[in-house]
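got a predicted model here, sequence first, then my questions.
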Amino acid sequence: MFLILFHKRTAILIVSGFLFFCLNLFSQDYYTYYKQYDYNEKFAKRFDEAILHMGKAEMPEALAVLKELYKEDSSHCYIQYLMGVCFTEQNPPDPLSYYYLEKATENILVDYALFSYKERRAPVFTYYYLVKAYTQHGKCAQAEKAFENFHLLYGIEKYDYFVVNAESLIQACINKDFSKSEKRKNLVTKYTDFTLTAPLFGVQIGAFSELIPIHEFNNLRNVEAYIDSLGTIRYIIGHFPMKRDAQSLLNAVREKGYKDAFITNVNVPKKFEEEIIIVNNQSFQKKLEGNIEFRVQIGAFKDSIPDWLAKIYLQIEGIREIKDENFTSLQVGPFQYYEEAELNKNKLIVSGIPGAFVMAFNDGKAVSVKEAQMALEERDKKKSVKEKHEKE
């Protein structure tokens, strides 16, 4: 999750009016500006409680508090922004995300550095989260407009994580073939022999638009993955000439907790022509071996390090520079367990580094966090069983 307390303003922005607003605001006495909103101690305490929940990635708890505060002051753009962030970071994302973020854009402060409950204006990063919220719900045109506002107010000269990430979200939203081409980029497949015309029955566990490591089906064996021409990936067990054999397997699979599994004819070229065998130069069936570690990425740049990232570099201990073909990433770590990395990430976010996120690596190669967690859990279980046997 990203706890960025910065940004947005309405879709069509009159720049001259906006600049006049900012200059006029900064000319006011700061105390006089806030005095007109006389919040009590209870409001302040509840606000701090919401921020703490967000720092711990406890979005439902944060939302419960923010909703109470919103009832007291429904024109508080900062609270609207925070609610929008929470709805964006929920799983699955909630359409209320862009509803509240849109409301928050009515009062944006560009030079945002205050985290007090008395700050009623929303940060520039409201527009960044609007890009994310819109793309999560297929609103690509709105996302493009939000990005234009974000880049304008954030800084046209900047090309950091937020700009790159927003651009990639929009690209993925607009180009229907984007996700398919990205999925196939590191895949090796083999074509299935369809010389037989008779049906072959298997059990389909699921079909997804994104590649899921087979190890996530950790209580099943002999799972195969097939990708079709549209990029849909289907996970199958079994190839039986007799449907009753597939029915027995289906019963066993459902007992394992896969209630939505069903029998399907796998002898269909349109759906099951290409079996995935290699991902990122490794067997798709192969489990992670070797060293597994987690790191927190705090930023990335393409050419020269931007000013905002340079300042962070001087504030945080233990930063490592990781270079690839296109970017240089700044990371903190490594951490042995995900929980350590997540705790460190949340501390960095609360301290004012909004885009921090956790990454997983296996012998130096990036892997999914979920896959790394599952591999470590399995190792811990084996270690526990071994120690138990040794004691006996």
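Arrived safely. Numbers count the residues shown, from 1 in each chain.

what is the end-to-end distance of stretch 92-101?
17 Å (CA to CA, to the nearest Å).

what are the buried residues along it?
93-94, 96-98, 100-101 (16 or more other CB atoms under 10 Å). Placement of C-beta: from N, CA and C, glycine included.

export these to JSON lines and append columns for pLDDT and distance to His137.
Shown next, in JSON lines, are the buried residues of stretch 92-101 (pLDDT from 0 to 100; distance: CB to CB, whole Å):
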{"residue": "Pro93", "pLDDT": "82", "distance to His137": "7"}
{"residue": "Asp94", "pLDDT": "86", "distance to His137": "9"}
{"residue": "Leu96", "pLDDT": "92", "distance to His137": "11"}
{"residue": "Ser97", "pLDDT": "93", "distance to His137": "8"}
{"residue": "Tyr98", "pLDDT": "93", "distance to His137": "7"}
{"residue": "Tyr100", "pLDDT": "95", "distance to His137": "14"}
{"residue": "Leu101", "pLDDT": "96", "distance to His137": "12"}
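
where does pLDDT dip in the stretch 51-200 of the chain?
Low-confidence segments of the stretch 51-200 of the chain, defined by pLDDT under 70: 112-117, 171, 174-186, 194.

this structure: strands as residue ranges?
Along the chain, counting by DSSP state E, strands occupy 108-109, 122-123, 187-191, 201-208, 224-227, 233-240, 262-265, 274-279, 282-283, 292-301, 319-323, 328-335, 357-362, 365-367.

elements contacting the longest one?
Here strand 292-301 touches helix 161-174, helix 307-315, strand 328-335, helix 338-350, strand 357-362, helix 369-391, going by 3 or more CB pairs under 8 Å, 6 or more residues apart in numbering; DSSP states H and E.

re the thing from before, out of the strands of the chain, which is the most enclosed?
strand 122-123 (a mean of 30; mean count of other CB atoms under 10 Å).

to the chain's geometric centre, what's the distance from that one?
21 Å (CA atoms, centre = their mean, to the nearest Å).

strand partners (parallel or antiparallel) of that strand?
Its sheet considered, strand 122-123 pairs with strand 108-109 (parallel) by DSSP bridges.

what about stretch 85-94, how long is it end to end?
10 Å.

cool, and stretch 106-126?
11 Å.

nearest to Lys190, of the helices and strands packed on strand 292-301?
Closest to Lys190 of the helices and strands packed on strand 292-301, according to CB to CB: helix 369-391, at 22.2 Å.

picking that back up, and the helices and strands packed on strand 292-301: which comes nearest Leu66?
Per CB to CB, nearest to Leu66 of the helices and strands packed on strand 292-301: helix 338-350, 16.4 Å.

who touches the closest one?
Residues outside helix 338-350 that contact it (CB atoms under 8 Å, 6 or more residues apart in numbering) are 1-3, 51, 55-57, 294-296, 298, 316, 332-333, 335, 356-358, 360, 369, 372-373, 376.

and the strands of the chain as a markdown table, adding distance to Val350?
Below are the strands of the chain laid out as a markdown table (distance: least, CB to CB, whole Å):
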| stretch | distance to Val350 |
| --- | --- |
| strand 108-109 | 20 |
| strand 122-123 | 15 |
| strand 187-191 | 39 |
| strand 201-208 | 34 |
| strand 224-227 | 39 |
| strand 233-240 | 37 |
| strand 262-265 | 46 |
| strand 274-279 | 35 |
| strand 282-283 | 37 |
| strand 292-301 | 13 |
| strand 319-323 | 18 |
| strand 328-335 | 14 |
| strand 357-362 | 14 |
| strand 365-367 | 26 |
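
which one of those strands lies closest to Ile170?
Closest to Ile170 of the strands of the chain, according to CB to CB: strand 292-301, at 17.9 Å.

dump the closest one to PDB, restricted to CA.
Coordinates of each C-alpha in strand 292-301 appear next as PDB, following Å, rounded to 0.1, in the frame of the first residue of the first chain:
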ATOM      1  CA  ILE A 292      15.100 -16.000  -0.700                       C
ATOM      2  CA  GLU A 293      15.100 -12.400   0.600                       C
ATOM      3  CA  PHE A 294      12.800  -9.400   0.700                       C
ATOM      4  CA  ARG A 295      13.700  -5.700   0.000                       C
ATOM      5  CA  VAL A 296      11.900  -2.400   0.200                       C
ATOM      6  CA  GLN A 297      12.100  -0.300  -2.900                       C
ATOM      7  CA  ILE A 298      11.900   3.500  -2.200                       C
ATOM      8  CA  GLY A 299      12.300   4.900  -5.600                       C
ATOM      9  CA  ALA A 300      13.800   4.500  -9.100                       C
ATOM     10  CA  PHE A 301      15.200   6.800 -11.800                       C
END
